[in-house]
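Chemist: structure of the sequence below:
(chains A and B)
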Amino acid sequence: NAGVTQTPKFQVLKTGQSMTLQCAQDMNHEYMSWYRQDPGMGLRLIHYSVGAGITDQGEVPNGYNVSRSTTEDFPLRLLSAAPSQTSVYFCASSYFGTTNEKLFFGSGTQLSVL
Amino acid sequence: AQKITQTQPGMFVQEKEAVTLDCTYDTSDPSYGLFWYKQPSSGEMIFLIYQGSYDQQNATEGRYSLNFQKARKSANLVISASQLGDSAMYFCAMRVGGSGGSNYKLTFGKGTLLTVNP
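Modeler: Numbers count the residues shown, from 1 in each chain, chains lettered A, B, ... in the order given. Predicted coordinates:
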């Protein structure tokens, strides 16, 4: 009954460091995505994927890379962390269907960049 | 471009009263879906209710109902008989278009923080 699993839950980085946020889902969802949540800004889409080997940019992709080698996993990479990337990150997935397919969210990763 | 607007940064309601959280949307696509999510202080995102653009009736899920006014492009969430546990951030979101990868993105509003007073 895992759903969408994100690791780590908390992370502190120094400016310039790199890291990967992990996301895995066990529901065989085709669609996976990463959002960032900042105070007063709601959730903004970073990158998304419609299947293994296929990724595309969302609203705020700069400074982030993604890949989708399997249906289950969709890691988010910060290549050179900046203080502006301090945020809460959510991974979310869903089936393909019609517009009524809801997103299932992970529990989030709180990232601080010093 | 799609846009979701939630004009109420914060709302207060007395326990057991009803409350309406506003959401307006903008899209030129005739096919779209509207969602409401709840985010309690623990941080998880909880799906509440869905309304499709072609749905003839307003959606209801227990104490949650969606007041869908298509001509006004509004999709307000109504919570009846508020409980202390309803205190949370509420997000309205929209997906446009039919099936197809690029149309699967969910656009969120900035949220409304609801506080239920005892």
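
Chemist: residues contacting A:His29?
Modeler: A:71, A:93-95, A:104 (Cβ atoms under 8 Å, 6 or more residues apart in numbering or on different chains). C-betas here are computed from N, CA, C, even on glycine.

Chemist: which of these count as buried?
Modeler: With burial judged by 16 or more other Cβ atoms under 10 Å in any protein chain shown, the buried subset of the contacts of A:His29 is A:71, A:93-94, A:104.

Chemist: could you tell me which residues of chain B lie near chain A?
Modeler: For chain B, the residues in contact with chain A (Cβ under 8 Å from any Cβ of the partner chain) are B:4, B:6, B:9, B:31-33, B:35, B:37, B:43-45, B:47, B:50, B:52-53, B:91, B:93, B:95-99, B:101-102, B:104-111.

Chemist: list buried residues within those.
Modeler: Neighbour-count burial (16+ other Cβ under 10 Å) is assigned, among the residues of chain B next to chain A, to B:4, B:6, B:31-33, B:35, B:37, B:45, B:50, B:52-53, B:91, B:93, B:95-97, B:101, B:104-111.

Chemist: what helix or strand does A:Leu45 sit in?
Modeler: In this assignment (DSSP states H and E), A:Leu45 forms part of strand A:42-51.

Chemist: in that strand, what's buried?
Modeler: Buried residues in strand A:42-51 (16+ other Cβ under 10 Å): A:42-50.

Chemist: which element is the closest residue to B:Glu61 other than its chain neighbours on?
Modeler: What sits nearest to B:Glu61 in space, not counting adjacent residues and going by Cβ to Cβ, 6 or more residues apart in numbering or on different chains, is B:Ile49, at 4.7 Å. Using DSSP H and E, B:Ile49 sits within strand B:46-52.

Chemist: in which helix or strand does the one residue sitting closest to the centre of chain A reside?
Modeler: Among the residues of chain A, A:Trp34 comes closest to the average C-alpha position under Cα atoms, centre = their mean, at 2.7 Å. Using DSSP H and E, A:Trp34 sits in strand A:31-38.

Chemist: that strand vs strand A:42-51, what angle?
Modeler: Strand A:31-38 runs at 160 degrees relative to strand A:42-51, counting by axes from the mean of the first three to the mean of the last three Cα atoms, to 10 degrees.
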